[in-house]
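Asks: Sharing a sequence plus its predicted fold:
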There are 2 protein chains.
Amino acid sequence: MTGNTPADSSGPNQARRSATTRAAILDAARERFAADGYERATIRAIARDAHIDPSMVMRYFGSKEGLFAAAVTLDLRLPDLTRIPRDEVGRALVDHFLGLWEGNEDLTAVLRVGATNEAGAERMQRIFREQLLPATRQVCPDPEQVPARAALCAAQLLGLALTRYVLRLPPARELTYQELLAWLGPTVQRYLTAPNP
Amino acid sequence: MTGNTPADSSGPNQARRSATTRAAILDAARERFAADGYERATIRAIARDAHIDPSMVMRYFGSKEGLFAAAVTLDLRLPDLTRIPRDEVGRALVDHFLGLWEGNEDLTAVLRVGATNEAGAERMQRIFREQLLPATRQVCPDPEQVPARAALCAAQLLGLALTRYVLRLPPARELTYQELLAWLGPTVQRYLTAPNP
DNA sequence: TACCGTTGCCAACAAGCGTTGACCAACAAG
DNA sequence: CTTGTTGGTCAACGCTTGTTGGCAACGGTA
């Protein structure tokens, strides 16, 4: 809560050498949080990965929570769904999410932490509210149904991420990109645009 | 691994008073594991909930891992799918899972722990392999496709559980039993019995 | 030269963890 | 009355955790 980090980037021309260390800490933190979750990812281990002293982590980020907040920022970068043919938005969304998960361990981190930590769950709720909900609003006819339909999409997409990247169920890992697209695309499409079942 | 618990139930007519305490510990453990996950659920807190000394937990269950293994045993009690009309198995499965989740915090515990702990993830994999896979085999035409189809069902069902009971996304909580049945039933049905997409 | 902020390591702190062993009350059997 | 088993408490162990403060170098600036 103090927030007095010494390497604050508010200065205009501060091309400090600390930026390197800061980035190394953030990289190590992302990796550890994704692999171990919040509790098991220790500051000491993160510092060891970044080849610096644990106390440096505190100086740069104030606390473990501060480090997590700084390391795991999640922007889904959802595309503008109004520019996609109405009957392809499901497939497009699945495609987008798959590409996102494959190359970004932040998503695994945020999901893993969301499952254990209360603050992590709230962060997850905010991502849902501020990013997935508006995107759903672009394609869903009845505004009143937007939250429910977005929740259904989230359940399907996060369920895949859970089984494939967190629990690592072998059959979920063996599904190819094309297969996932073909199976999940119509599901999400239906959740978004189908009339009430 | 020692297994020398004093209150071993192998004896025939041992109606020990310890059974009460043992049950109290297991109840408290289930609740804590479900609410906090493996790491944050401490033996001390569980003992406090059960109104006994932490050392008793060790005497009864050997270790924290032993306690978790004893407390969280998961039997999905999947119905015999061959006795259900082929075009209703999806809806039946969703119905079964929803009923299971609502009254059983073990499922939340095993999911939460599976997301953080490596042993928890393996436990999840075994549940999938030994319970969901055989059930899928009962309704899926091509044996070769069974693992993939089961994985898709698991993704959808666990995704719902994740968003509704673990992350507690408000829109996911506000969906009624009937709505979930109507939305997810056809999805699972398609994953199980539809021809390749 | 002297200064001073920055970057970093080191050693330690208090707290909490899982776990252990000594001890005690009750009670049944001999 | 002794003896042994059972159900239970208490205090402590060794360890790890997040976190803190002191101290040593470096690198500009005056």
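Replies: It's in. Numbers count the residues shown, from 1 in each chain, chains lettered A, B, ... in the order given.
Asks: Tell me how far the helix or strand harbouring residue A:98 lies from the chain's centre.
Replies: Per DSSP states H and E, residue A:98 falls inside helix A:89-103. The chain centroid and the centroid of helix A:89-103 are separated by 13 Å under C-alpha atoms, centre = their mean, to the nearest Å.
Asks: who's in contact with it?
Replies: The contact list for helix A:89-103, computed with C-beta atoms under 8 Å, 6 or more residues apart in numbering or on different chains, reads A:76-79, A:81, A:84, A:107-108, A:135, A:139, A:153, A:157, A:161, A:164-165, A:177, A:180-181, A:184-193. For glycine as for every other residue, the C-beta is placed from the backbone atoms N, C-alpha and C.
Asks: which parts of that helix are buried?
Replies: Of the residues in helix A:89-103, A:89-98, A:100-101 count as buried by neighbour count, 16 or more other C-beta atoms under 10 Å in any protein chain shown.
Asks: what's the average pLDDT for that helix?
Replies: In this model, helix A:89-103 has a mean pLDDT of 94.
Asks: State the phi and psi torsions of residue A:52.
Replies: Main-chain dihedrals, residue A:52, degrees, to the nearest 10: phi -140, psi 180.
Asks: so how many other residues sit close to the nearest residue to it once chain neighbours are set aside?
Replies: In this structure, residue A:52 finds its nearest non-sequential neighbour in residue A:21, 6.1 Å apart by C-beta to C-beta, 6 or more residues apart in numbering or on different chains. Applying other C-beta atoms under 10 Å in any protein chain shown, we find 17 residues neighbouring residue A:21.
Asks: Which helix or strand contains residue A:21?
Replies: Applying DSSP H and E as the criterion places residue A:21 in helix A:18-40.
Asks: Name the residue of chain A with the shortest distance to chain B.
Replies: Nearest to chain B, among the residues of chain A, is residue A:159, at 1.9 Å (C-beta to the nearest C-beta).
Asks: distance of that residue from residue A:39?
Replies: Residue A:159 sits at a distance of 23 Å from residue A:39 (criterion: C-beta to C-beta, to the nearest Å).
Asks: gap between the residue of chain A closest to chain B and residue B:151?
Replies: Distance check for residue A:159 against residue B:151: by C-beta to C-beta, it reads 10 Å.
Asks: same deal with residue A:66?
Replies: Taking C-beta to C-beta as the measure, residue A:66 falls 38 Å from residue B:151.
Asks: swap in residue A:100?
Replies: 20 Å.
Asks: again with residue A:128
Replies: 24 Å.
Asks: now residue A:98
Replies: 15 Å.
Asks: Residue A:116: neighbour count?
Replies: By other C-beta under 10 Å, 23 other residues sit near residue A:116.
Asks: ok, it - contacts?
Replies: Contacts of residue A:116 (C-beta under 8 Å, 6+ apart): A:37-39, B:36-37, B:39-40, B:112, B:115-116.
Asks: So the residue lying closest to residue A:175 once chain neighbours are set aside: helix, strand or coil?
Replies: Sequence neighbours aside, residue B:148 is the residue nearest to residue A:175 in space, at 5.8 Å (criterion: C-beta to C-beta, 6+ apart). Following DSSP: H, G, I helix; E, B strand; the rest coil, the label given to residue B:148 is helix.
Asks: Residue B:148 contacts residue A:170, correct?
Replies: No. Counting by C-beta atoms under 8 Å, residue B:148 does not reach residue A:170; the two are 10.6 Å apart.
Asks: Who has more neighbours out of the two?
Replies: Using other C-beta under 10 Å, the more surrounded residue of residue B:148 and residue A:170 is residue B:148, with 22 against 11.
Asks: show me the contacts for that one.
Replies: Contact analysis of residue B:148 by C-beta under 8 Å, 6+ apart lists A:171, A:174-175, A:179.
Asks: and residue A:62, how many neighbours does it have?
Replies: By other C-beta under 10 Å, the residues close to residue A:62 number 17.
Asks: now swap in residue A:144 and tell me
Replies: Residue A:144: 8 neighbours (other C-beta under 10 Å).
Asks: Of all residues in chain A, which one is nearest the centre?
Replies: With distances taken as C-alpha atoms, centre = their mean, the residue of chain A nearest its centroid is residue A:107 (3.2 Å).
Asks: do you know how far it is from DNA strand C?
Replies: Using C-beta to the nearest atom of the strand, to the nearest Å, we find residue A:107 at a distance of 29 Å from DNA strand C.
Asks: re earlier: could you export the helix holding residue A:98 as PDB, CA atoms only?
Replies: Extracted C-alpha coordinates of helix A:89-103, given in PDB (Å, rounded to 0.1, in the frame of the first residue of the first chain):
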ATOM      1  CA  VAL A  89     -18.100 -15.000 -34.500                       C
ATOM      2  CA  GLY A  90     -18.100 -18.300 -32.500                       C
ATOM      3  CA  ARG A  91     -15.300 -19.800 -34.600                       C
ATOM      4  CA  ALA A  92     -13.500 -16.500 -34.500                       C
ATOM      5  CA  LEU A  93     -13.600 -16.300 -30.800                       C
ATOM      6  CA  VAL A  94     -12.400 -19.800 -30.300                       C
ATOM      7  CA  ASP A  95      -9.600 -19.100 -32.800                       C
ATOM      8  CA  HIS A  96      -8.600 -16.000 -30.900                       C
ATOM      9  CA  PHE A  97      -8.500 -17.600 -27.500                       C
ATOM     10  CA  LEU A  98      -6.600 -20.600 -28.700                       C
ATOM     11  CA  GLY A  99      -3.900 -18.400 -30.200                       C
ATOM     12  CA  LEU A 100      -3.800 -16.400 -27.000                       C
ATOM     13  CA  TRP A 101      -3.400 -19.400 -24.700                       C
ATOM     14  CA  GLU A 102      -0.700 -21.100 -26.700                       C
ATOM     15  CA  GLY A 103       1.800 -18.300 -26.500                       C
END
